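Q: mind looking at a prediction? Sequence and model below.
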Amino acid sequence: MSYRIPMGPYHPALEEPYKLELVCDGETVQDAKLNIGFNFRGIEQLAETRNFIQIVALMERVCGICSNTHTLSICQAVEQIAEITPPPRALYIRVIMAELERLHSHVLWAGVAGKLIGFKTMFMTCFAVREQIMNVLQTISGNRVNYAMNRVGGVNRDIDDPAMILAMIGELEKDMVKTVIPVFTTSHSALSRCTGVGVLSEEKARSLGVVGPTARASGLPQDLRRAAPYAAYEEMDFNVPVEHSGDVKARLVVRALEILESCSILRQALSKLPAGEIFTGDESEMEIPEGRGFSRVEAPRGEVIYSVTWGEDTDTPSRVHVRTPTYINMPAVRWMVRGARLADTPLIQASIDPCYSCTDR
Amino acid sequence: MNATTALLRMLVFPGILFAAPAAWFFLWIERKAMAALQQRIGPPFMQPFFDFVKLMGKQVPPREGLGGFLMKLWPVLAVAASAGAVGLLPVIPRSGGFPGDLVLLLSLLELPSMFIIAAGFSSRSLWGELGSSREAILSVSYNVVFLMAIIGIAASQHTFSLQALAQSQGSPLRWLGVLAILICLPAKLHMNPFSVTNAEQEIYAGPMTEYTGHELALWELAHGMEWVAATGLVATLIAPPLANPWMAGALFVVLSVAVVLVLTIVAAATARLTIDDSVRFFWRCALAFAVLGVSSVLLMRIKL
Amino acid sequence: MNILRLLLNNFLGGSITTRFPNRPPADKGFRGLVRYDPQICTGCGVCAYRCSSRGISFRSSRTAYTWAYDPGQCTYCGRCVDGCEAHAITQEAAPPPLYYKRDELNLAHTTQRPLPPPKKKPEAAPATGEAK
Amino acid sequence: MNLWKKLLCYSRRKSPWLFHMNSGSCNGCDIELIAGLTPRYDAEQLGVKHEASPRHADIICISGPVTHTAVNAMKTVYGQVCHPKAVVAIGSCPASTNVFIDSRVLDGPLDRHIPVDVYVPGCPPRPDAILAGIAKAAEILAARAGQEAQPAAAPVAAEEEKA
């Protein structure tokens, strides 16, 4: 006998409100239906009423976890319209912020995954590690979550003390290599929850067009930082970790390796940080001409695409369109949960690192 | 043991009057130790007591009909059963008891989980029902190991009296039985790795989802007393017999706390297993212990 | 490292918690409440133009202008501070305080504009910041 | 005030159980609340327990600017939390809808729907500020000990409480 289980909109496994309707047979999930829209705030429409300074702060609140990605994307798109090139130091600072954000987002994900499988100690350890990153973010930007770092033409704040961040990265890498990763990979109870769960085959991943770590865990080596470098990624030397098993464990491993890669990118960026201005152009005299800008950024969750159209003689855009990684990855959840156990569903849906506030906007 | 001493034991020592503070203390130790293992400070002293008082003063939504009555009834019964279980413990040896009280203790320990199952179903919440069905499946599997362990211990000592067990020396079969009980305890107490019944990330609070106010307070109390009874049982079985009753009592408490700490470390070190993994685990354990137990009994027979 | 080693280390290392009434210090560049100095303000209104959340409102007439700020509305992004050429707006380097009623922390300053040149008079003293 | 009442007051202050609700927030406040439970801030030192079921909770933490779609679910959850209860609005969004002001799909701010006891300003507030807000809400709860159940959604009564 099959029955329906409505998960959500306020469910402890979900940080955000959305509704997952599961059709179950006993504890086996047969199908899943996703209902979103609880987070819909009409940001794309709101963006049409904001000028180029205000829009950055608005887009930052598309998502609190990958807020830097969104400001970076909108700034890049607007810079493309206005034909502004930010100075090299600003590009490096953007890379640093993007990588710090990736670090904190991945560590956060590991913590949440730990919580979802009832591994409270893992959750606490990950968050304790994450606090180091939050400290750095707060020192650089003045806030822990919404950093307000990017602006059209550069960045708002300079990095005064690269040595402090380098020291922190050393600490973090040590913590990750010596504590978090080994503990996760040697704990039998944790591995039994991750291995072989929520498998997404390479073909399926390709046909669904999944992005980000979800794609890389299914054997698709796609990474925008490599494929279409933005900011200063062209000058960085890094690997794109790829796993082939496509299960939750593979996504875990991909994210863990990405954390290490991020540390290496940060180290390069901080040691090569060029001197100079941190922004070009005077915001009070800047005019955005008519045109279309298009920007792609590799968020911690995958590819974010912004398309911005600016009208003639206005100070507000006429259309801002956002495509977020979760929007692309969501349909994959349906294929992953089919045949899975009810107990694994929260973990499987969390393994794509969903962000419904990005998706709803 | 006559009716008066039995009642006295159930109500005063080591029953409700003693067991309730002990329950809060054990719950507090569990939370505090968990926090210490996770680099946290943890709750202030006797936090479960404050939780209990607060819940007692919280309003309960009106529930009508038989369902509402049953929902009120189950936590009271659970508290009564676990208080009875605590009352049977020979905290201080030679203070009563009757032949066969181990069997009664077993059934009293089993009752709260039965009541939880019933409570989940009578709360008519989907999550309650899911939690109850999980609890039912789990209790069927761990009880096989649990009963096997108890029977093995009783067989090794030729008695079903807790008193006699507390007085007698250990034997290999007994240690095997204690190990088996320790494996079952996390499942009995809804701890990791077998906390599937109240897996909050999957099914909210499971059978407790709809409970609030004093009913929930009673559930928490029953849960705490289950802790006291279960750890007390283990402490009884592993404590060496001591002549001085005060020393014996102190040793009993120390051993109980040690068991709590061991369970906490296990809970902190593991993730939650899924229900089918848990069941598989317990049946494998049951098989292993059955083989070990039967073979050792046979060996003992041959020796005799 | 094994999980038991981790637990042992955590236990021996003690807690890393900040005891409750104490709070971790805010950094030098922390973006807290916006502070406004009516003495310095030139009344250009750029801050309101730059404010994405309408937390700063600027109403201007020929004789006076009113600068109003609602911390409940503020995003603490600091763009108004960056854009204020007269540096009349600053940000506190401390987390904002709790409040219990909406609009409790609101501030409004009304400043008289200097009268037109022919009749030159000293600038009127700014009105006190009154909480709404 | 008799002894039981005093004890009850004290216990309410010592054991605030949370239920967290996101009414369309950007996740910033939510992760900061979660960070408040973790070792560096450790909400458990205040006796806080993050509860899965609204039936168990005393304090409802709400983040987000209250979208149309979330409003009904939010009211239902508010009704499920039993008296006494307090509401903590985390961040600027529930207080005023923040950057999303003049969006057509919002039904905020929060106090149009349910009475709010404590506002924690910030975008997002730091975890320690959220903890301070929760501690404050627990004190408000304790002050409510003598009161009997108030009718659903009576913002006036809630405001008198604070004074």
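A: Received it, and whenever you're ready, just let me know what you need. Numbers count the residues shown, from 1 in each chain, chains lettered A, B, ... in the order given.

Q: hang on, isn't A:Ala350 packed against A:Ala110?
A: No. A:Ala350 lies out of contact with A:Ala110 (CB atoms under 8 Å); the separation is 10.7 Å. Where C-beta positions appear, they are placed from N, C-alpha and C, glycine not excepted.

Q: can you give me phi and psi for whatever residue of the stretch 151-300 of chain B ends up closest to chain A?
A: At 2.9 Å from chain A, B:Arg272 is the closest residue in the stretch 151-300 of chain B, using CB to the nearest CB. Per-residue torsions, B:Arg272: phi -70, psi 130 (degrees, to the nearest 10).

Q: residues contacting it?
A: A:117-119, A:189, A:193, A:343, B:192-196, B:199 (CB atoms under 8 Å, 6 or more residues apart in numbering or on different chains).

Q: helix or strand for the residue of chain A found nearest chain B, which one?
A: Chain B sits closest to A:Gly118 of chain A, with a gap of 2.9 Å, by CB to the nearest CB. Take DSSP states H and E as the rule and A:Gly118 turns out to sit in neither a helix nor a strand.

Q: so what's the residue count around it?
A: For A:Gly118, the neighbour count with other CB atoms under 10 Å in any protein chain shown is 29.

Q: shouldn't it be in contact with B:Met191?
A: No. With contact defined as CB under 8 Å, A:Gly118 does not reach B:Met191; the gap is 10.2 Å.

Q: still on that earlier bit, chain D: which of the contacts of B:Arg272 is nearest?
A: For these, the nearest to chain D is B:Ala199 (9.2 Å; CB to the nearest CB).

Q: how about the helices in chain D?
A: Secondary structure of chain D (DSSP state H): helices located at D:3-14, D:28-36, D:68-80, D:92-96, D:127-143, D:155-162.

Q: for the residue of chain A closest to chain B, give me the pLDDT.
A: At A:Gly118, the model reports a pLDDT of 80.

Q: ok, the residue nearest in space to the middle of chain C - contacts?
A: With distances taken as CA atoms, centre = their mean, the residue of chain C nearest its centroid is C:Val34 (1.2 Å). When contacts are counted by CB under 8 Å, 6+ apart, C:Val34 touches C:55-56, C:69, C:71, C:74, C:76, C:80-81, C:89-92.

Q: buried members of those into ChimeraX, please.
A: In ChimeraX, the members of the contacts of C:Val34 classed as buried (16 or more other CB atoms under 10 Å in any protein chain shown) are selected with the following command:
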select /C:55,56,69,71,74,76,80,81,89,90,91
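
Q: so which of the contacts of C:Val34 are in strands?
A: C:56, C:69, C:89-91 (DSSP state E).

Q: which one of those is nearest to A:Arg255?
A: Closest approach to A:Arg255 among these (CB to CB): C:Gln91, at 35.0 Å.

Q: residue ranges with poor pLDDT in chain C?
A: C:1, C:115-132 (pLDDT under 70).

Q: ranges for the helices of chain C?
A: Secondary structure of chain C (DSSP H): helices at C:3-13, C:46-50, C:79-83.

Q: want to try a markdown table for these, with distance to B:Val228 as columns?
A: Shown next, in a markdown table, are the helices of chain C (distance: least, CB to CB, whole Å):
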| stretch | distance to B:Val228 |
| --- | --- |
| helix C:3-13 | 24 |
| helix C:46-50 | 63 |
| helix C:79-83 | 59 |
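
Q: any idea which of these gets closest to chain B?
A: So among the helices of chain C, helix C:3-13 is nearest, using CB to the nearest CB, at 4.7 Å.

Q: for that closest one, list the C-alpha coordinates in CSV.
A: Output in CSV follows, covering the C-alpha atoms of helix C:3-13 (Å, rounded to 0.1, in the frame of the first residue of the first chain):
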residue,chain,number,x,y,z
ILE,C,3,36.2,9.7,15.8
LEU,C,4,37.1,8.5,19.3
ARG,C,5,40.4,10.5,19.1
LEU,C,6,38.4,13.5,18.1
LEU,C,7,36.0,13.1,21.0
LEU,C,8,39.0,12.6,23.4
ASN,C,9,40.7,15.8,22.0
ASN,C,10,37.4,17.7,22.3
PHE,C,11,37.0,16.5,25.9
LEU,C,12,40.5,17.3,26.9
GLY,C,13,40.6,20.6,25.0
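
Q: pull out the buried positions in that helix.
A: Quick answer for helix C:3-13 (16+ other CB under 10 Å): C:3, C:6-7, C:10-11.

Q: I'd like to know which elements that helix is packed against.
A: Other helices and strands packing on helix C:3-13, by 3 or more CB pairs under 8 Å, 6 or more residues apart in numbering or on different chains; DSSP states H and E, are helix A:120-141, helix A:181-186, helix B:16-37, helix B:245-269.

Q: show me how far that helix is from its chain's centre.
A: 43 Å (CA atoms, centre = their mean, to the nearest Å).

Q: check stretch A:335-351 too.
A: Distance, centroid of stretch A:335-351 to centroid of chain: 21 Å (CA atoms, centre = their mean).

Q: what is the mean pLDDT for that stretch?
A: So the average pLDDT for stretch A:335-351 ends up being 81.

Q: first to last residue in that stretch, what's the distance?
A: 13 Å (CA to CA, to the nearest Å).

Q: that stretch and chain B in contact?
A: Yes. Stretch A:335-351 is in contact with chain B by CB under 8 Å from any CB of the partner chain, via A:341-346.

Q: out of those residues, who's nearest chain D?
A: Using CB to the nearest CB, the residues of stretch A:335-351 next to chain B come closest to chain D at A:Pro346, 11.7 Å.

Q: so that closest one is in contact with A:Leu116, correct?
A: Yes. At 4.8 Å, A:Pro346 and A:Leu116 qualify as touching, with contact defined as CB under 8 Å.

Q: among these two, which residue is more densely surrounded?
A: Shown here are A:Pro346 and A:Leu116; by other CB under 10 Å, A:Leu116 has more neighbours (27 against 23).

Q: show the contacting residues for A:Ser187.
A: So A:Ser187 contacts A:119, A:122, B:269-271, C:3 (CB under 8 Å, 6+ apart).

Q: go on, B:Gly152?
A: B:173-174, B:176-177, B:180, B:289, B:293, B:297.

Q: can you flag the buried ones in the residues you listed?
A: Here, 16+ other CB under 10 Å leaves B:173-174, B:176-177, B:180, B:289, B:293 buried among the contacts of B:Gly152.

Q: and these, which is closest to B:Arg63?
A: Nearest to B:Arg63 among the buried ones among the contacts of B:Gly152: B:Ala180, at 40.0 Å, using CB to CB.

Q: mean confidence score for the host helix or strand of the closest one?
A: In this structure, B:Ala180 is located in helix B:172-188 according to DSSP H and E. Mean per-residue pLDDT for helix B:172-188: 81.

Q: near chain C at all, it?
A: No. Using CB under 8 Å from any CB, helix B:172-188 never reaches chain C; the gap is at least 15.6 Å.

Q: any idea how far chain A is from B:Val79?
A: 27 Å (CB to the nearest CB, to the nearest Å).

Q: can you pull the pLDDT of the nearest residue to that residue once chain neighbours are set aside?
A: Spatially, and ignoring its direct neighbours in sequence, B:Val79 is nearest to B:Ala222 (4.6 Å; CB to CB, 6 or more residues apart in numbering or on different chains). Per-residue pLDDT puts B:Ala222 at 88.

Q: put the buried members of the residues of stretch A:335-351 next to chain B into a PyMOL selection.
A: Buried residues within the residues of stretch A:335-351 next to chain B, by 16+ other CB under 10 Å, are selected in PyMOL with:
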select buried, chain A and resi 341+342+343+344+345+346
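
Q: Throw the residues of stretch A:335-351 next to chain B into CSV and include distance to A:Pro221 and secondary structure, thanks.
A: Putting those into CSV (distance: CB to CB, whole Å; DSSP: H, G, I helix; E, B strand; the rest coil) gives the following:
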residue, distance to A:Pro221, secondary structure
A:Arg341, 30, strand
A:Leu342, 33, helix
A:Ala343, 32, helix
A:Asp344, 27, helix
A:Thr345, 28, helix
A:Pro346, 28, helix
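
Q: with that, I have no additional questions.
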